[in-house]
Structure formats: structure tokens, C-alpha cells
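Asker: Sequence isn't available, so here's the structure alone:
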């Protein structure tokens, strides 16, 4: 990996967002996420991107062929070739994260991670989304994580803020107060 590629991930994300714009952002996030998963899961693909034995011309031709087959935009194809050639493909997950944040910021959206012991029904989910929308003053997209160790209640993470109304969280709070 090129030195500092992860540190430059935010800059690469801004560069990509300037190329693709908000109208192609969701498609771009989807394609890059799939690419990152393929690289992480497939040893041959990973070796293709990281091996010094594969020269940049071969790598570029292969990426162009894949891009044509799957219908990537020219801008996205050029971006993948660029980060591949500068050995910044390791920073792809960070680039996706920063790119998504830029997109959400421009769209006045936010992502909330909801950790629950059980699956919600529709009415509770609607109430949660509405409460988070009022709290953040943004449109909210929910991501669910099922945690059977959570005894009851929920934990919601929005950005760097965590709202813990779980039974475990309440017991920990009570424990802290009693130990004073």
C-alpha cells in the first residue's frame, strides 16, 4: 500500500464525489462496496490488486474489461484504476466510508445503527425514525444489528453519539451510581 493511503482516503473520497456527483452516489457506493467485499474474500482478486508482478497496464486493462461488463461509469472506472495504480486499494473501505458521509451530508441524511435483541415491528420502527429525524434534523437511514446478549431495550448510534436505553446500559448506570 502506498504510504499514507488510509490518511488520504478522505481526499480520495472527495475527489470521487466531485467526479460522480450526488446523482450517482448510491450506485457508486454499491459498486465500491461489492468490489471491497470481492477483494477481501477472493485471494486471487486480492493478489491481482496487490501483486508487484502485475504491471499497471495489465491491471488497467483488466479493470476496464470488468467495468465494461458490469456497466461502471467512466469516472468510476478511472478512479478504480487510479487507486489501484497508486497502491491505495487498501484504503477502499475508508474511501467508501468517507464518500458515504459526504453524500449523506449533502443530502441532509444520516445513518443510525440500531442494536436490538429482537426484530422491530413496523410501527415501532416508524416511531424510532421519526424521533431520530427530530433529534438530528436529517433524514435517517436505519441499519440493524441483532444482539441476543442485549437483555432488553435498544442501543442507537448516530455518528459518534450513542443512545443506550438497553437494560444492560441501565444496570451499568445504576451500578455506577451505587458505587459512588
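Answerer: Yep, it's here. Predicted model only: the values in this text are computed from it and were never measured. Numbering: from 1, shown residues only.
Asker: distance of residue 76 from residue 124?
Answerer: Distance check for residue 76 against residue 124: by C-beta to C-beta, to the nearest Å, it reads 38 Å. The C-beta positions use only the backbone N, C-alpha and C, and glycine is treated the same way.
Asker: ugh, wrong one, I meant residue 95
Answerer: 35 Å.
Asker: Which one of these two is surrounded by more residues?
Answerer: residue 95 (27 against 12; other C-beta atoms under 10 Å).
Asker: need the contact list for that one.
Answerer: 9, 12, 13, 16, 32, 83, 88 (C-beta atoms under 8 Å, 6 or more residues apart in numbering).
Asker: Next one: it from residue 22, what distance?
Answerer: 17 Å.
Asker: Kindly report the same for residue 152.
Answerer: Residue 152 is 39 Å from residue 22, by C-beta to C-beta.
Asker: Report the buried members of the contacts of residue 95.
Answerer: 9, 12, 13, 16, 32, 83, 88 (16 or more other C-beta atoms under 10 Å).
Asker: These: which two are farthest apart?
Answerer: Using C-beta to C-beta, the two most remote members of the buried ones among the contacts of residue 95 are 32 and 88, lying 12.8 Å apart.
Asker: Where does pLDDT dip in the chain?
Answerer: Scanning the chain for pLDDT under 70 picks out the ranges 1-6.
Asker: center of it - which residue?
Answerer: residue 97 (4.1 Å; C-alpha atoms, centre = their mean).
Asker: And whichever helix or strand it is part of, what's buried?
Answerer: Assigned by DSSP states H and E, residue 97 belongs to helix 92-107. For helix 92-107, a neighbour-count test (16+ other C-beta under 10 Å) marks 92, 93, 94, 95, 96, 98, 99, 100, 101, 102, 103, 104 as buried.
Asker: How far does it sit from its chain's centre?
Answerer: Centroid separation between helix 92-107 and its chain, computed with C-alpha atoms, centre = their mean, to the nearest Å, is 7 Å.
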